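What shape does this take:
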Amino acid sequence: MDLKKIGSNVKFVYGGVCAARGFKANGVQCGLAHKPLGEMAEANAAANNAIPTAKKKNDLAMIVADTECTAAAVYTTNKVKGAPILVTKEHLADGKARAVIVNSVNANTCNPDGYEKATKMCQLAADALGIDEKDVIVASTGVIGQVLPIEPIANGIKPLVEGLNYGGNKSALEAIMTTDTQPKEVAVEFEVGGKTCVMGAMLKGSGMIHPNMATTLTFITTDTNISAEMLQRALSDNVKVTLNRASVDGDTSTNDMVCVMASGTAGNAEITAEDADFGAFSNALYNVLLNLARMMAKDGEGATKLIECAVTGAKDEQTAETVAKSVICSSLLKSMIFGEDANAGRIYCAVGYADAEFDISKVDIDMASKGGSIALGRQGCVTEFDEEVAKRVLAEDEIQIIVSLGEGSGTAVCWGCDLTYDYVKINGDYRS
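All right, here's what the predicted structure looks like:
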């Protein structure tokens, strides 16, 4: 899909999490993968006309910085939290990190020995790298409620570390994919205080995706010099308007984590306040997370179309966001987009039950894509429209729904996907 750029001070580059100076990565197949997951990934790949994920794909990844980094993270709001989140929170209490270790296939969640296993993963990584265990971020994704076997991970550490390299982003990215059919990574170059900085990221996420947070593991690296406090502020602020505005199926996972490590090797003066340098950094982060959010929504399990809902004319941003989320989360609307049926009443319905105050008689609705644009409703009423034009609009794989509330200057954009037969097929036997 085409990358979207906001602002002029960013340039897209290649390299994912290895794009920034001084970051190595690698991924290996340590033996966690099992047949049901392979079949599940292939089903999602077939639904998306993508290349099937190999049954023997990488399942263990590592990212390592040459030097100690400032670090920050945000986590799922689910009351049930995977053991890796509990351990990572403890390790990032000092705002420092040096490495990430992450596995797919098994979420290490709702297990009596989960904390012990997550801690052991950090110990294994730290011993192999010669660093402090508390400088390791740990993450897991996959099936919930199955005991995580530590032996395959222990056996995989040596080849994982030996294979670390400054171009290892692809092998690391493969290792975190579950039902994903497309790799999701972005990197940008930008300027801070006269110095060229780079930021790169990779994300996994296809199902169990819903705002606060969207289900994802996201790892971001940058060579920018920024304090841990300002790094946390930038991350928290930008996740709210990107990943937290994407939804596939209304289910918020237990293992969601977005973490960022900043090495400071770009040589800019440390960012310690909300000044122009912080603004440049925050804009770069926004561009990275915006594009990852769009990629994640478009690659939703079984999905064939990306839905973008842009709400304008709200009395404030919160109202606009609430309405946009209501639209992209509507099962009826998602089914309508899949069936390519321009049923404007379903859009008005989703707008109308949003938990926000506005005058429905002022609401206008339009729909657009590369196939054209069409007015579907004006002042709370469905309008007559050309069905042939509507078909051309809905035949594209990215559909935009524009809702104007007519009451103010508040705006928000949220992203979702259509609901297809294949979503049920993929999730009907996720575990077994």
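
now the strands for the stretch 151-300 of the chain?
Counting by DSSP state E, counting those that start in this stretch, the stretch 151-300 of the chain has strands at residues 184-192, 195-204, 217-222, 257-262.

Just the residues contacting the helix or strand harbouring residue 313, thanks.
Using DSSP states H and E, residue 313 maps to strand 306-314. The contact list for strand 306-314 (CB atoms under 8 Å, 6 or more residues apart in numbering) reads 1, 294, 297-298, 320-321, 323-324, 327-328, 333-334, 337, 356, 358, 362, 397-418. Yep, even glycine has a C-beta here, placed from its N, CA and C like the rest.

Buried among these? Need that as a selection in PyMOL.
To isolate in PyMOL the members of the contacts of strand 306-314 that are buried, counting by 16 or more other CB atoms under 10 Å, one can use:
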select buried, resi 294+297+298+320+321+323+324+327+328+333+334+337+356+358+398+399+400+401+402+403+404+405+406+407+410+411+412+413+414+415+416+417+418
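
Restricted to strands, list the contacts of strand 306-314.
Applying DSSP state E to the contacts of strand 306-314, the entries found in strands are 398-404, 410-417.

and residue 347, what is it in contact with?
Counting by CB under 8 Å, 6+ apart, residue 347 has contacts 327, 333, 365, 376, 377, 401, 403.

okay, these in CSV with distance to residue 386 next?
Output for the contacts of residue 347, formatted as CSV (distance: CB to CB, whole Å):
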residue, distance to residue 386
327, 22
333, 21
365, 16
376, 11
377, 15
401, 18
403, 20
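
and of the strands of the stretch 151-300 of the chain, who's closest to residue 232?
strand 257-262 (8.8 Å; CB to CB).

Partner strands of the closest one and their direction?
Paired strands of strand 257-262, with direction, are strand 60-75 (antiparallel), strand 217-222 (parallel) (DSSP bridges).

Format the CA atom coordinates belonging to the first one as CSV.
Output for strand 60-75, consisting of C-alpha atoms alone and laid out as CSV, is shown next (Å, rounded to 0.1, in the frame of the first residue of the first chain):
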residue,chain,number,x,y,z
LEU,A,60,12.2,-16.0,17.8
ALA,A,61,13.6,-12.5,17.2
MET,A,62,16.0,-10.1,18.8
ILE,A,63,16.9,-6.4,18.4
VAL,A,64,20.1,-5.1,20.0
ALA,A,65,21.6,-1.6,20.2
ASP,A,66,25.3,-1.1,20.1
THR,A,67,25.0,1.3,23.1
GLU,A,68,22.5,1.7,26.0
CYS,A,69,19.3,3.5,25.0
THR,A,70,16.6,5.6,26.6
ALA,A,71,13.4,3.6,26.3
ALA,A,72,9.7,3.9,26.7
ALA,A,73,6.6,1.7,26.1
VAL,A,74,2.8,1.6,26.2
TYR,A,75,0.8,-1.6,27.0
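
after that strand comes which helix or strand?
Strand 60-75 is succeeded, C-terminally, by helix 83-91 (DSSP H and E).

any residues touching that following helix, and which ones?
Applying CB under 8 Å, 6+ apart, the contact partners of helix 83-91 are 73, 75-76, 97, 108-109, 111, 114-115, 117-119, 121-122, 133-140, 255, 257, 259.

Among those, which ones are in strands?
73, 75, 97, 136, 137, 138, 139, 140, 257, 259.

Considering those residues, which is situated nearest to residue 12?
Distances from residue 12 to the ones in strands among the contacts of helix 83-91, taken by CB to CB, are shortest for residue 259, at 21.8 Å.

Give me the neighbour count for that closest one.
23 (other CB atoms under 10 Å).

what's the distance between it and residue 242?
15 Å (CB to CB, to the nearest Å).

what's the burial count for residue 391?
The tally of other residues near residue 391 (other CB under 10 Å) stands at 15.

what about residue 114, distance to residue 81?
In terms of CB to CB, residue 114 sits 10 Å off from residue 81.

So in terms of bridging, what pairs with the closest residue to residue 287 other than its chain neighbours?
Among residues not flanking residue 287 along the chain, residue 10 sits closest, at 5.0 Å (CB to CB, 6 or more residues apart in numbering). Per DSSP bridges, the residues bridged to residue 10 are residue 190.

residue ranges with poor pLDDT in the stretch 151-300 of the chain?
Confidence mapping of the stretch 151-300 of the chain against pLDDT under 70 gives the ranges 206-215, 248-253, 300.

Thought residue 142 was touching residue 106, still the case?
Yes. When contacts are counted by CB atoms under 8 Å, residue 106 is listed as touching residue 142 (4.5 Å).

Mutual contacts of those two, please.
Joint contacts of residue 106 and residue 142 (CB under 8 Å, 6+ apart) are residue 32.

check contacts around residue 418.
Going by CB under 8 Å, 6+ apart, the list of residues near residue 418 reads 303, 304, 305, 307, 334, 335, 337, 338.

my read: the last one touches residue 331, true?
No. If you go by CB under 8 Å, residue 338 and residue 331 don't touch, sitting 10.5 Å apart.

Could you name every residue contacting both of the two?
By CB under 8 Å, 6+ apart, the residues touching both residue 338 and residue 331 are residue 419.

And those two? Which one has more around it.
The residue with more neighbours, out of residue 338 and residue 331, is residue 338; 21 against 12, by other CB under 10 Å.

so how far is residue 295 from the more buried one?
Residue 338 is 19 Å from residue 295, by CB to CB.
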